[in-house]
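A.B. asks: Pasted the sequence and its predicted model underneath.
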Amino acid sequence: RKEVEQDPGPFNVPEGATVAFNCTYSNSASQSFFWYRQDCRKEPKLLMSVYSSGNEDGRFTAQLNRASQYISLLIRDSKLSDSATYLCVVNTGSARQLTFGSGTQLTVLP
Amino acid sequence: GAGVSQSPSNKVTEKGKDVELRCDPISGHTALYWYRQRLGQGLEFLIYFQGNSAPDKSGLPSDRFSAERTGESVSTLTIQRTQQEDSAVYLCASQRDPSYNEQFFGPGTRLTVL
């Protein structure tokens, strides 16, 4: 089983739609969680951290379920500019720190 | 301030040649990572440097791959006797220190092995 698993998609949604991505992780000792965004042919960049209580940043909401070992990202009122690959990232506590999922591709259609 | 830089941005080489990729991390960042990303795939961890500790080389796919880092500065990733399956984008990331989780990525080196 992969340490971090994501549905690769692609998710094709119309502008204004709400879309949600899930990610599961295998190491119950994982300490912290993040979503990164990677635009086509660009490097990944941190989108937001995921806190135990859940957190929101504008149209983006991240949630963590430690019991079920998954995290989620909800995007409301999606924009064309949200089209990207969203990477689930987990700090597994190992020396190399962060483990990246393979990403979920989102395309927002006009 | 300056971000992570990598050079070259693109490299085309012939099968069997050696290549050297360079990463300049953000000044003061103690941790440095190399990843490989094949077309349409996720990030594949290669190697991790933290300060003066022994590097974590657990992700290197074969002994043709090696990396060096001098102190907390520049790192080079060397691929010897390149194969076509080495074609990918090689991404470098730096991190302030292990207590800070955010990694800052460079733009990558796109390697094509003919």
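C.D. replies: Nice, thanks for sending it over.
A.B. asks: those strands in chain B, which residues are they?
C.D. replies: Ranges of strands within chain B are B:5-7, B:10-13, B:19-24, B:31-37, B:44-50, B:65-69, B:75-79, B:88-95, B:104-105, B:109-113, based on DSSP state E.
A.B. asks: Format those as a markdown table; extra columns: mean pLDDT and distance to chain A.
C.D. replies: For the C-beta atoms, the positions are set from N, CA and C on the backbone; glycine is no exception. As requested, those are exported to a markdown table (pLDDT from 0 to 100; distance: least, Cβ to the nearest Cβ, whole Å):
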| stretch | mean pLDDT | distance to chain A |
| --- | --- | --- |
| strand B:5-7 | 97 | 9 |
| strand B:10-13 | 97 | 11 |
| strand B:19-24 | 97 | 12 |
| strand B:31-37 | 94 | 7 |
| strand B:44-50 | 92 | 4 |
| strand B:65-69 | 96 | 13 |
| strand B:75-79 | 98 | 15 |
| strand B:88-95 | 95 | 6 |
| strand B:104-105 | 94 | 4 |
| strand B:109-113 | 97 | 9 |
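A.B. asks: would you list those strands in a markdown table and tack on distance to A:Gly103 and mean neighbour count?
C.D. replies: A markdown table is the format used below for the strands of chain B (distance: least, Cβ to Cβ, whole Å; neighbours: other Cβ atoms under 10 Å in any protein chain shown):
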| stretch | distance to A:Gly103 | mean neighbour count |
| --- | --- | --- |
| strand B:5-7 | 20 | 17 |
| strand B:10-13 | 23 | 14 |
| strand B:19-24 | 22 | 19 |
| strand B:31-37 | 10 | 24 |
| strand B:44-50 | 12 | 21 |
| strand B:65-69 | 23 | 17 |
| strand B:75-79 | 22 | 20 |
| strand B:88-95 | 13 | 23 |
| strand B:104-105 | 14 | 20 |
| strand B:109-113 | 18 | 18 |
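A.B. asks: now for the ones you listed, which one comes closest to A:Gly93?
C.D. replies: strand B:44-50 (13.6 Å; Cβ to Cβ).
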